[in-house]
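Asker: Sequence and predicted structure, then a few things I'm wondering about:
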Amino acid sequence: MQTTFNSIFRSFLLALCLFAGTVQAASNVKVPILCYHNFHPSTPGSMTVSTKKFEQQLQWLQDNGFTVIPLQELVEYLQGKKSSIPDKAVVITADDGRDTVYKYMWPIVRKYNVPVTLFIYPSSISNPSAPYAMTWDQLRELQSTGQFDIQGHTLWHPNFKQEKKRLSESEYAKLVNNQLVTSKKILDKKLDIDVTLLAWPHGIYDKYLEQEAEKAGYVMAFSIAGQPANKSEPTMTQPRYMILESTSMQSFAAIANSGTRGSR
């Protein structure tokens, strides 16, 4: 009788350990978020990725069993609102709203049928002084495809460290409010959306900025810390990987593989 009880108890403990291990593994799921900026077939630049390399990267993801998921889906998972995500998940984002996203990124995104989140600073959109940027009509066209989600990147992409040094405390507070609140209002009105996500310009943030972003209505914000997003990271500083033309395919593979298998 005692032997039977001990056997049952050991089986129970083993099952409990396996369950706990599964729960822990699910809670530690890591997902790489890729951050792009500029695209061009031939013109180089510090933030420019050639269309050839970008397509090569998407083809590699496809060939190696990765699933590109919408950033919103990952956000819901990180918030605990979604219980599972696909295995080998990856997220694609592009910052700033350059017209090369419309001209060169979109055809490749359409070919591979992957979702993309665009982080936009609206002061540049349809602005003659920013000829590198998209127009509102182009943004709406991308939005209408269902493949592009549009989120915030402040009003005019300031360097918060520099602004804090040159401004008084009250002036800096006004600037921060304008960058976070006004930009969201413009995007919401122009595109008939509710912006809830933010990419920090230059990857710069601090506790004050995080608190102000939450007050402004952002539920999650993203840096460029070069590691996968996961539930253990602070909500307002989830990391992303900067992808450049100099990013080799070996490095790209390592970035993609920095994630862990999704929970089911």
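Answerer: Arrived safely.

Asker: For the rest of this, base every contact and every neighbour count on C-alpha atoms.
Answerer: Noted.

Asker: what sits up against stretch 118-132?
Answerer: Residues from elsewhere that reach stretch 118-132, judged by Cα atoms under 8 Å, 6 or more residues apart in numbering: 93-100, 133-136, 148-157, 183, 186-187, 198-199.

Asker: do the same with stretch 211-224
Answerer: With contacts defined as Cα under 8 Å, 6+ apart, stretch 211-224 is touched by 35, 75, 176-177, 180-181, 195-200, 202-204, 235-242.

Asker: List the buried residues for it?
Answerer: By neighbour count, and taking 16 or more other Cα atoms under 10 Å as the criterion, the buried residues in stretch 211-224 are Glu212, Ala213, Glu214, Ala216, Gly217, Tyr218, Val219, Met220, Ala221, Phe222, Ser223, Ile224.

Asker: ok, of the residues you listed, which one's closest to Met105?
Answerer: Checking the buried residues of stretch 211-224 against Met105 by Cα to Cα gives Ile224 as the nearest, at 20.5 Å.

Asker: Okay, now the unreliable bits of the stretch 1-150 of the chain?
Answerer: Within the stretch 1-150 of the chain, the ranges that satisfy pLDDT under 70 run 1-27.

Asker: leaving aside the residues next to it on the chain, what's closest to Thr67?
Answerer: The shortest distance from Thr67 to any non-neighbouring residue, by Cα to Cα, 6 or more residues apart in numbering, is to Ala89 (4.9 Å).

Asker: Contacts only, for Gln79.
Answerer: Each residue near Gln79 by Cα under 8 Å, 6+ apart is listed here: Lys231.

Asker: Apply 6 Å and report the result again.
Answerer: In this structure, Gln79 makes contact with no residue, judged by Cα atoms under 6 Å, 6 or more residues apart in numbering.

Asker: Are any of the contacts of stretch 211-224 buried, and if so which?
Answerer: Buried positions within the contacts of stretch 211-224, assessed by neighbour count (16+ other Cα under 10 Å), are 35, 75, 176-177, 180-181, 195-200, 204, 235-242.

Asker: Of the residues you listed, which belong to helices?
Answerer: Val75, Val176, Asn177 (DSSP state H).

Asker: Same list (those residues) but as CSV, adding distance to Ser248.
Answerer: Compiled in CSV, these are given as follows (distance: Cα to Cα, whole Å):
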residue, distance to Ser248
Val75, 28
Val176, 37
Asn177, 39
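
Asker: you'd agree Val68 is up against Val90?
Answerer: Yes - here Val68 lies in contact with Val90, judged by Cα atoms under 6 Å, at a distance of 4.8 Å.

Asker: who's more crowded, these two?
Answerer: Val90 (24 against 21; other Cα atoms under 10 Å).

Asker: The strand or helix carrying that one pairs with which strands?
Answerer: Mapping Val90 onto the secondary structure by DSSP states H and E places it in strand 89-96. Each strand paired with strand 89-96, and its direction, by DSSP bridges: strand 33-36 (parallel), strand 67-68 (parallel), strand 116-120 (parallel).

Asker: Next secondary structure after the last one?
Answerer: It refers to strand 116-120. According to DSSP H and E, the helix or strand after strand 116-120 is helix 136-144.

Asker: Next, the buried residues of that following helix.
Answerer: By neighbour count on 16+ other Cα under 10 Å, the buried set for helix 136-144 is Trp136, Gln138, Leu139, Leu142, Gln143.

Asker: cool, and stretch 242-256?
Answerer: Under the neighbour-count criterion of 16+ other Cα under 10 Å, stretch 242-256 has Met242, Ile243, Leu244, Glu245, Phe252, Ile255, Ala256 buried.
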